[in-house]
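1. no sequence on this one, just coordinates:
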């Protein structure tokens, strides 16, 4: 299904010159797009009608201490298990980012056939108290599992998911804070974000 994206002037410099003043030469842009383009986050409302929507997410849901898991080198369709989660740190309140290295396929058909996380990984993720799961693939769920159990289980626990992340390899062995702050919007299920990490010295 092709996304329809439109970016055009809502008010042009010329229109504002005529309406306001000769020196009012600024432009206001109108944008229309599905909220799951590029890097984005899913709120609980994405899956559950009574879940929190994007406007109800708190800063502590989207600005978190981050931990990256190196899961590069996996075959398409493979799944990582709970043994990938670190056991020597407290995962409560963290963003767990899984670096499959799949961002290298962005824009290619290969991107659709990615690795994912297993049911047992999700079990341990929930039990650990982590708050956000991030992946450098287009979907945290297996591409053949159309029921999307990872989304159902994590969003059902009032957690959030960020997908289409990039450059996670730069965070290996780093202590960092992860940011995925969306525009607030009522009844919005998902929203594109500018995700980035702040390295903590």
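-> Ah, there it is. Just so it is clear, the structure is predicted and the values come from calculations on it, not from any experiment.
2. Where does pLDDT dip in the protein?
-> Where the chain drops to pLDDT under 70, the residues are 1.
3. what residue is smack in the middle of this protein?
-> residue 162 (1.9 Å; C-alpha atoms, centre = their mean).
4. what secondary structure does that one sit in?
-> Secondary structure, DSSP: H, G, I helix; E, B strand; the rest coil: residue 162 is strand.
5. Residue 51 and residue 7, how far apart?
-> Going from residue 51 to residue 7 by C-beta to C-beta, to the nearest Å gives 30 Å. Quick note: C-beta positions are derived from backbone N, CA and C, even for glycine.
6. what does residue 89 give?
-> 42 Å.
7. now residue 72
-> Between residue 72 and residue 7 the distance is 34 Å, computed by C-beta to C-beta.
8. So these two - more neighbours on which side?
-> Using other C-beta atoms under 10 Å as the criterion, residue 72 and residue 7 rank with residue 72 on top: 16 against 9.
9. isn't that one right up against residue 169?
-> Yes. In this structure residue 72 lies within contact range of residue 169 using C-beta atoms under 8 Å: 7.4 Å.
10. which residues do the two both contact?
-> Here residue 72 and residue 169 have 99, 101 as joint contacts, going by C-beta atoms under 8 Å, 6 or more residues apart in numbering.
11. Tell me which residues touch the closest residue in space to residue 182 that isn't next to it in sequence, please.
-> Setting aside the residues directly before and after it, residue 182 is nearest to residue 191 in space (C-beta to C-beta, 6 or more residues apart in numbering), at 3.5 Å. Neighbour list for residue 191: 35, 40, 41, 43, 54, 182, 183, 185 [criterion: C-beta under 8 Å, 6+ apart].
12. Cool, thanks, talk later.
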